[in-house]
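Novice: this one's sequence-less:
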């Protein structure tokens, strides 16, 4: 085993530069799933990825069309009596705007220091590609994989995977696997790997306010006609109190209180307030009183206004009462809040606070329930061991405030548990300008992925719970 | 006199189609002063206008460069012992966005029904051009003008005439005139002409809120980091109360209470609530209790949020806490509010309501004091008589909620009183998509302008106050 690892490591080391060039090629595609004008780029990116998977030795490689962007599928199932691992990732990316805040163009990836900069470098092309390169290394150094592998790479993750449920239902049998592994989340630091054990749910809504049927000159009408944009501000202001609690009746009704033991563990193993502030680049803590920042972002729900658009946007002044105003709202939900409940209480709130002078319209854009991972699943031990090999450090369990709807889908529709092994860092600027991926994490991620497949192939992990190291058991409580 | 008018009328009638084609040509230039990318269009428009003035018989025609957009000047001063009239107008226009709400392209003017549609059709190209065509008719039918005329056509009115004060100071002597006439305001209806006797002042500010130094993923940070966009909404909401009063301490301090007699007259001669609602295309009244809509828009100050920009603006959702948010604010001021006072109390308010989690920045963009016209000036009688001839209806005095800084500048810097003779209509959609100019007003405006010059040339108006018709004196009280 040691010899084998060394050989893989040597191959990996020898090919570092090529791996990096290939990742840059992958990031070069502006595969922005949210913007229809990039549909062709998403398709080209899918084609490139499929071709790459074919080249490294996977079979049954397919670019599967959906009603939206295609899914890339590939497998290698020539390990009879060995378990099957489903590797999930996504090759689509977030929009890159505001473009003028990027130090280098978002789709011309560039290395500065130990980091590779570009949209999707971390979320999720870089992390996905670590698994792909792990498969290549295994094929090249052994001629085979230690387990059966199925790769499912989505092109619509950033828009809420609207066509994934249908696909999963239709392909239930061919997607059967013992475990899914997904790398689309942060560790704590380059030397502090983490296994994510919970993610928040999500609900994104659009709120539109309409007034007159046209923009009005504010000189002539200012003071006499209500302003949808001002009304929008008042409605948005009504959604939270001074301390950051959400002020929608019924919003917290089904939020679970966490046990003191859980909160103690979070304090011991999670990021501190200081670390979270540092990674966000801000000075001041904020939000619901009585909780640490780590708790506020994971075991407490949140409401974010992610965009407002109304009135004149150009240079200089323009004296108008705009006819309409639009806000994009992003809720993060915890057990046992459901998107349906929250949408309902939100609509009630809006109906209650809308003045008679304007009309409001609420549109649902996307939603996902929160997800919890079973800590006692044997795959957790494989992940533990893999991280120790890949990053020379003991991982901890981490809760995430983010949302990856596919976890719930895999669990609910296919009965597959997911291991969330992130290779990202908290300061990767995911979804923001100057997104980057820490290159040591890329290469350590490749090793970690290889080790995970090896450990998972080893039947002992399934039979003997005592293999779980005691410090790990403590760590996860 | 009657014979002369008939002859002018005949000429005017015969040339209607050409006048309309020329106005369309004038509107065709996208002379948007607020947008630097249109600087060349503004210049081309100035050149076209100057050339046109030269063709109809004016002399000393000049396109005078400023630090911004040029001023077009022309004159005809060959009427010794006759008074001098300064005709002011502007050939620049408001931005045309939102473009997708125009029924026809804003700079491809088109006639539908009795209206000419296009950006600037009413504000101010159409109204300005009525005076230009009046001069042409007089030159063509008499070979001369009844008074000395100076034309001052600005290219920066829509951005607050930043370079006009310097120009006025430098050209004080050559601009000397007995009266200025300006047509950039609405009448009450096609058969209800009006002389505007007051305009509100104006202050436009930009409010920027900054949080983190980058956009943050709201999944990872939502609930823990304050959101500049949400904070902006709270700050905007703090600026007015539920009934529409501005809630900034000191805002109303210097607002003059109008005398009961003035308010009775406004009720008698001004537009009703129903008319104002109809012209705005809205159902519900709104604003400061205790005032009619006409009062709210003229003798009471107002605050309008004219634009907000923050976070994601594209299609679909994007889960971000934006790093910054921007609002454009437009104040309308009445005597004796000064822009300086209002900026000061606004800055105090913002400092008081800014939470420690964000930083706020206030930038002044533009300002102008309110303006009052002297009802007893002899030129008012000339205007009265001119409207009766041009529109076959008796004009009333009207207050305007809008702002035309040049009135104060002409009065303050050159000592020239201004007559505000509007040819626009309340539903012209000034500053909004589908702006239009009512063509009967264009042609009646030409006649009105000719009569005004004739009446003003007639010395009797200066000597005998009894010429002012009694119903006019009543009407204006």
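Specialist: It's in. Source: prediction; values computed, not measured.
Novice: all contacts plus neighbour counts: C-alpha atoms, from now on.
Specialist: Will do.
Novice: what's the domain layout of chain A?
Specialist: A:2-199+A:370-476, A:201-255+A:301-368 (automatic domain parsing).
Novice: just give me the lowest mean pLDDT stretch among those.
Specialist: When the domains of chain A are ranked by mean pLDDT, domain A:2-199+A:370-476 comes last with a mean of 91.
Novice: any bit of that one sitting next to chain B?
Specialist: Yes. Interface with chain B: domain A:2-199+A:370-476 contributes A:34-35, A:94-95, A:97, A:159, A:400-403, A:429-433 (Cα under 8 Å from any Cα of the partner chain).
Novice: just the buried ones out of the residues you listed, please.
Specialist: Buried by 16 or more other Cα atoms under 10 Å in any protein chain shown: A:34, A:94-95, A:97, A:159, A:400-403, A:429-433, out of those.
Novice: so who does the residue of the stretch 1-150 of chain A found nearest chain B touch?
Specialist: Closest to chain B within the stretch 1-150 of chain A is residue A:34: 5.8 Å, counting by Cα to the nearest Cα. Shown in contact with residue A:34 (Cα atoms under 8 Å, 6 or more residues apart in numbering or on different chains): A:94, A:95, A:158, A:159, B:315, B:316, B:317.
Novice: identify the farthest-apart pair in the residues you listed.
Specialist: Greatest spacing in the contacts of residue A:34, by Cα to Cα: A:158 and B:315 (12.3 Å).
Novice: show only the entries of the buried ones among the residues of domain A:2-199+A:370-476 next to chain B found in strands.
Specialist: Among those, the residues falling in strands (DSSP state E) are residue A:400.
Novice: in the stretch 1-150 of chain A, which spans are helices?
Specialist: For the stretch 1-150 of chain A, helices defined by DSSP state H, counting those that start in this stretch occupy the ranges A:2-14, A:16-27, A:39-56, A:127-142.
Novice: typo on my end, it should be the stretch 351-477 of chain A
Specialist: A:378-391, A:405-409, A:439-457, A:460-463, A:470-476.
Novice: okay, the ones you listed in JSON lines with mean neighbour count next?
Specialist: Shown next, in JSON lines, are those (neighbours: other Cα atoms under 10 Å in any protein chain shown):
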{"stretch": "helix A:378-391", "mean neighbour count": "23"}
{"stretch": "helix A:405-409", "mean neighbour count": "23"}
{"stretch": "helix A:439-457", "mean neighbour count": "24"}
{"stretch": "helix A:460-463", "mean neighbour count": "14"}
{"stretch": "helix A:470-476", "mean neighbour count": "13"}
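Novice: just want the residue of the stretch 101-250 of chain A that's nearest chain B.
Specialist: Closest point on the stretch 101-250 of chain A to chain B, by Cα to the nearest Cα, is residue A:219, at 3.9 Å.
Novice: OK, contacts around the residue nearest to residue A:157 when sequence neighbours are not counted?
Specialist: With sequence-adjacent residues excluded and distances taken as Cα to Cα, 6 or more residues apart in numbering or on different chains, residue A:157 is closest to residue A:90, at 6.1 Å. Counting by Cα under 8 Å, 6+ apart, residue A:90 makes contact with A:124, A:125, A:128, A:153, A:154, A:155, A:156, A:157.
Novice: let's see it at 6 Å
Specialist: Contact analysis of residue A:90 by Cα atoms under 6 Å, 6 or more residues apart in numbering or on different chains lists A:124, A:153, A:154, A:155.
Novice: can I get those residues in TSV including neighbour count, secondary structure and distance to residue A:50?
Specialist: TSV is the format used below for these (neighbours: other Cα atoms under 10 Å in any protein chain shown; DSSP: H, G, I helix; E, B strand; the rest coil; distance: Cα to Cα, whole Å):
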residue	neighbour count	secondary structure	distance to residue A:50
A:124	27	helix	16
A:153	23	strand	9
A:154	23	strand	12
A:155	29	coil	12
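Novice: between these, which is nearest residue B:29?
Specialist: Using Cα to Cα, residue A:155 comes nearest to residue B:29 of the contacts of residue A:90, at 45.2 Å.
Novice: list phi and psi for that closest one.
Specialist: phi -120, psi 10 (degrees, to the nearest 10).
Novice: residues touching it, list them.
Specialist: A:69, A:70, A:71, A:90, A:91, A:92.
Novice: could I get the full set of helices for the stretch 201-350 of chain A?
Specialist: For the stretch 201-350 of chain A, the helices defined by DSSP H, counting those that start in this stretch occupy A:218-221, A:228-237, A:260-269, A:273-280, A:293-296, A:339-353.
Novice: so which of these gets nearest residue B:181?
Specialist: helix A:218-221 (20.4 Å).
Novice: contacts for that closest one?
Specialist: Applying Cα under 6 Å, 6+ apart, the external contacts of helix A:218-221 come out as A:319, A:320, A:321, B:297, B:401, B:402.
Novice: and it, how far from the chain's centre?
Specialist: Centroid separation for helix A:218-221 versus its chain: 46 Å, with Cα atoms, centre = their mean, to the nearest Å.
Novice: stretch A:193-200 too?
Specialist: Per Cα atoms, centre = their mean, the displacement of stretch A:193-200 from the mean C-alpha position of its chain is 11 Å.
Novice: on that earlier part again, report the two of the buried ones among the residues of domain A:2-199+A:370-476 next to chain B separated the most.
Specialist: A:97 and A:400, at 24.5 Å, using Cα to Cα across those.
Novice: residue contacts, the residue of the stretch 351-477 of chain A found nearest chain B?
Specialist: Going by Cα to the nearest Cα, chain B is nearest to residue A:402 of the stretch 351-477 of chain A, at 3.9 Å. By Cα under 6 Å, 6+ apart, residue A:402 lies in contact with A:199, A:200, B:219, B:220.
Novice: please report how far it lies from residue A:264.
Specialist: 21 Å (Cα to Cα, to the nearest Å).
Novice: what's in contact with stretch A:352-360?
Specialist: By Cα under 6 Å, 6+ apart, stretch A:352-360 touches A:208, A:209, A:210, A:211, B:284.
Novice: let's have the residues you listed in a markdown table, adding neighbour count and distance to residue B:330.
Specialist: Listed next are these as a markdown table, based on neighbours: other Cα atoms under 10 Å in any protein chain shown; distance: Cα to Cα, whole Å:
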| residue | neighbour count | distance to residue B:330 |
| --- | --- | --- |
| A:208 | 21 | 22 |
| A:209 | 23 | 20 |
| A:210 | 21 | 20 |
| A:211 | 25 | 18 |
| B:284 | 16 | 22 |
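Novice: now, which of those residues lie within strands?
Specialist: Counting by DSSP E, the part of the contacts of stretch A:352-360 found in strands is A:208, A:209, A:210.
Novice: tell me which parts of the stretch 201-350 of chain A are close to chain B?
Specialist: Residues of the stretch 201-350 of chain A lying close to chain B (Cα under 6 Å from any Cα of the partner chain) are A:212, A:215, A:217, A:219-226, A:233-234, A:237, A:281-282, A:284, A:286-287, A:293, A:296-297, A:302, A:306-312, A:316, A:320-321.
Novice: what is the neighbour count of residue A:393?
Specialist: By the criterion of other Cα atoms under 10 Å in any protein chain shown, residue A:393 has 17 neighbours.
Novice: my bad, should have said residue A:415
Specialist: 15.
Novice: equivalent analysis for residue A:261, please.
Specialist: 10.
Novice: and the gap between it and residue A:397?
Specialist: From residue A:261 across to residue A:397, the span is 14 Å (Cα to Cα).
Novice: ok, residue A:203 touching residue A:369?
Specialist: No. Here residue A:203 does not reach residue A:369: they are 8.5 Å apart, not a contact under Cα atoms under 6 Å.
Novice: picking up where we left off before, what would the contacts of residue A:402 look like in CSV with neighbour count and distance to residue A:24?
Specialist: Converted to CSV, these look like this (neighbours: other Cα under 10 Å; distance: Cα to Cα, whole Å):
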residue, neighbour count, distance to residue A:24
A:199, 32, 29
A:200, 30, 31
B:219, 29, 26
B:220, 29, 26
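Novice: end to end on stretch A:295-310, go ahead and measure it.
Specialist: Stretch A:295-310 has its terminal residues 34 Å apart, counting by Cα to Cα.
Novice: ok, residues contacting that stretch?
Specialist: Residues contacting stretch A:295-310 (Cα under 6 Å, 6+ apart): A:325-334, A:399-401, B:221-224, B:307-312, B:320-321.
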